[in-house]
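In: When you get a sec, could you give me coordinates for this:
(chains A and B)
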Amino acid sequence: MKKYIDTGKKDTRSGFGAGLTELGKTNANVVALCADLIGSLKMDEFKKNHPERFFQVGIAEANMMGLAAGMTIGGKIPFTGTFANFSTGRVYDQIRQSIAYSHKNVKICASHAGLTLGEDGATHQILEDIGLMKMLPGMTVINTCDYNQTKAATMAIADHHGPVYLRFGRPKVANFTAEDQKFEIGKAVMLNEGTNVTIVATGHLVWEALLAAEALEEQGISAEVINIHTIKPLDAKAILDSVKKTGCIVTAEEHNHLGGLGESVARVLAQQYPTPQEFIATNDTFGESGTPAQLMEKYGLNADAIEAAAKKVIARK
Amino acid sequence: MPNTQQLDDLVVQVRRDILRMVHKVNSGHPGGSLGCTEFFVAMYNEIMELNEGFDMDGIGEDLFFLSNGHISPVFYSVLSRRGYFPVDELNTFRLIDSRLQGHPTTHEGLPGIRVASGSLGQGMSVALGAAQTKKLNGDDKLVYSLHGDGELQEGQNWEAIMYAAGNNVDNLVATIDLNGQQIDGATEDVLPLGDLRAKFEAFGWDVMEIKEGNDLEAVISGMKSAKGRTGKGKPVCVLLHTVMGNGVDFMMHTHAWHGKAPNDEQLEVALSQNPETIGDY
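Out: Modelled structure (predicted):
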């Protein structure tokens, strides 16, 4: 198939930084807050261009979430920036009460999600954040797959009224989606049509799913690949339309199988179209130190694992 | 501007509202509510500059944030009697399908409420955010907040207190309700707060005290003075000394009525100490 070309490896967090820079120019209501990680979140440019709209809050994430909630009163659109771990688990109650329950228009932007943060280890990795955020009523949850998509998503969420969790990562990964793409919240993206198995992936695993589909094609297996960048609200129709054709599905995410994309998909299928499903996700575990590639290999989150899961689920039909 | 007698009458009526609200549903927090009655009456009738009606963004008016949301009865009573919503709606406090939730929320769209509160320690951060937006908008009106003293045991407050001074948020007046009580007993016994004036000053705040926090005139004059201290580079902290349960003799000077409603007989005694003034809801 080879429909998608890696135009050069880039980190998704830089896509966020680029999107925020654009927003700085185009939307005067956008303000940015950061908890002592400007470089890591690539917020330097926004800070330089708009010092009056940039707020360094120090290592104080709870205060940052409350500040962001308060800043919406009077019409600002705050974007908070820190690691995914400190954007969610550390400040769950602040997000729950001051942002989600209070319907505040805050964009929680979280870098270094999943295992691919790498060597810092489990204290800084998080594999539970999608679950934490998707359980909050009214919260939109987005996990983008590459630089271009992260940039497009960052700009799109500014136009969406309501709290959003935007999840992205640290490592440089394939950049393969269109530079000028329109990002539609809640709308799955069909990447490759197929007939034997559906693979729905989110975040860094979308590229791995495409690699798996190529390998499967060489073996005569036709895999449909769908990029689910929005985990909540979930594009149930895209998933149902696909499995009605293929009869089986693999979900793939850099997250615990408890609480992630896979469970959201399973709920839709169980209610509307029971279908054999395999899960590419971590198995109720913390991460550890290692290179991103080593970790994805050890925890079964790469193209090889997706390919094996596809064969397994086809056999279950 | 209401005269002093009208405000005194309002204070007594708000006390009656608080007592009747919590009695009706046999739940809620009368102690802290009664202790802050004069403060709320002063703020919403003498101190704050408010627009007509309610708009979430609150552009061009003073804003108020209640951080210790459990004293919702006094907040609801004063808001309704200021015209934010019908006074009759106090009848629905804590009932199913009500806009008057146990702790204040924006979820049901009750006019006058700008953020949910009740999980403690979050209100100062929110008030600071709103104050920062006022500055960005070139809006010279002020942001006021109220916090329980026991609530300062929550660490997020100290993040916010550090931030406020470090960023010269001088359009915020944060008032601490110093009643010395919390659920399990005296703050001194549960977890001593130490010298709060020294702590706020060490963090870079301008601190003032209102020693007679249940004397309406003292509260009005104190809060006017606090207002005069804004705009000078420092956030302003008011240490408001109050008596929990003020106005009902058997509820005063104890933590026992923090979260307990009076029974029928107790209500009768409490109301007899606060005879009807401008009319029950």
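
In: Helices of the stretch 51-200 of chain B, start to end?
Out: Under the criterion DSSP state H, counting those that start in this stretch, the stretch 51-200 of chain B contains helices at B:72-81, B:123-136, B:156-166, B:187-190, B:196-202.

In: Please apply the same query to the stretch 101-250 of chain A.
Out: For the stretch 101-250 of chain A, applying DSSP H, counting those that start in this stretch gives helices covering A:129-134, A:147-158, A:205-218, A:236-246.

In: right, so of those, which gets closest to residue B:157?
Out: helix A:129-134 (23.7 Å; Cβ to Cβ). C-beta coordinates here come from the backbone N, C-alpha and C atoms, glycine included.

In: avg pLDDT for that closest one?
Out: The predicted model assigns helix A:129-134 a mean pLDDT of 98.

In: show me the contacts for residue A:66.
Out: With contacts defined as Cβ atoms under 8 Å, 6 or more residues apart in numbering or on different chains, residue A:66 is in contact with A:94, A:98, B:122, B:123, B:124, B:125, B:126, B:128, B:129, B:156, B:160.

In: Chain A versus the closest residue to residue B:72 other than its chain neighbours, what's the distance?
Out: Sequence neighbours aside, residue B:104 is the residue nearest to residue B:72 in space, at 5.2 Å (criterion: Cβ to Cβ, 6 or more residues apart in numbering or on different chains). With distances defined as Cβ to the nearest Cβ, to the nearest Å, the gap from residue B:104 to chain A amounts to 10 Å.

In: so which of the helices of the stretch 51-200 of chain B is the most packed in?
Out: helix B:123-136 (a mean of 29; mean count of other Cβ atoms under 10 Å in any protein chain shown).

In: Quick check: residues of chain A near chain B?
Out: By the criterion of Cβ under 8 Å from any Cβ of the partner chain, the positions of chain A lying close to chain B are A:31, A:52-53, A:55, A:57-58, A:60, A:62-76, A:78, A:93-94, A:96-98, A:101-104.

In: What does the pLDDT read for the residue of chain A most remote from its centre?
Out: Distance to the chain centre peaks in chain A at residue A:220, reaching 30.5 Å (criterion: Cα atoms, centre = their mean). For residue A:220, the model assigns a pLDDT of 98.

In: Same question for the one 5 residues further on.
Out: For residue A:225, the pLDDT comes out at 98.

In: quick one, what contacts it?
Out: Contact analysis of residue A:225 by Cβ under 8 Å, 6+ apart lists A:190, A:191, A:192, A:194, A:199, A:200, A:201, A:206, A:209, A:210, A:213.

In: Show me which of those are buried.
Out: Those of the contacts of residue A:225 that meet the buried threshold are A:191, A:192, A:194, A:199, A:200, A:201, A:206, A:209, A:210, A:213, by 16 or more other Cβ atoms under 10 Å in any protein chain shown.

In: tell me which of these is nearest to residue A:137?
Out: Among the buried ones among the contacts of residue A:225, and counting by Cβ to Cβ, the member closest to residue A:137 is residue A:200, at 23.9 Å.

In: Now which of the residues of chain A next to chain B would you call buried?
Out: A:31, A:53, A:55, A:57, A:60, A:62-74, A:76, A:78, A:94, A:96-98, A:101-104.

In: So which of those residues belong to strands?
Out: A:31, A:55, A:78 (DSSP state E).

In: any idea how far the second one lies from residue A:79?
Out: Which is residue A:55. Plainly put, residue A:55 is 10 Å away from residue A:79 if you go by Cβ to Cβ, to the nearest Å.

In: Next, show the common contact partners of those two.
Out: With Cβ under 8 Å, 6+ apart applied, the overlap between the contact sets of residue A:55 and residue A:79 consists of A:31, A:32, A:33.

In: The second one is in contact with residue A:52, isn't it?
Out: No - applying Cβ atoms under 8 Å, one finds residue A:32 not in contact with residue A:52, separated by 11.1 Å.

In: Chain neighbours aside, what residue packs nearest to residue B:125?
Out: Counting by Cβ to Cβ, 6+ apart, residue B:125 lies nearest to residue A:66, which is 2.4 Å off, once chain neighbours are set aside.

In: which parts of chain B sit against chain A?
Out: Where chain B comes near chain A, counting by Cβ under 8 Å from any Cβ, the residues are B:56-59, B:63, B:65, B:105-107, B:114-119, B:121-134, B:136-137, B:139, B:155-156, B:159-160, B:162-163, B:166-167.

In: And what about residue A:252, helix, strand or coil?
Out: Under the three-state scheme (DSSP: H, G, I helix; E, B strand; the rest coil), the conformation of residue A:252 reads as strand.

In: what bridges to it?
Out: Residues found in beta-bridge contact with residue A:252 (criterion: DSSP bridges) are residue A:201, residue A:280.

In: for it, what are its contacts?
Out: Contacts here follow Cβ under 8 Å, 6+ apart; on that basis residue A:252 touches A:199-202, A:205-206, A:208-209, A:261, A:280-281, A:301, A:306, A:309.

In: again, 6 Å this time
Out: Residue A:252 sits next to A:201, A:205, A:209, A:280, A:306 when contact means Cβ atoms under 6 Å, 6 or more residues apart in numbering or on different chains.

In: Return the closest of those residues with respect to residue A:227.
Out: Ranking the contacts of residue A:252 by separation from residue A:227, with Cβ to Cβ as the measure, puts residue A:201 on top at 6.6 Å.

In: thought the closest one was touching residue A:209?
Out: Yes - look at residue A:201 against residue A:209 with Cβ atoms under 6 Å: they come within range, at 3.9 Å.

In: coming back round to it: quick one: which of the buried ones among the contacts of residue A:225 is nearest chain B?
Out: residue A:200 (32.7 Å; Cβ to the nearest Cβ).

In: Quick one, grab the pLDDT at the closest one.
Out: pLDDT recorded at residue A:200 is 98.
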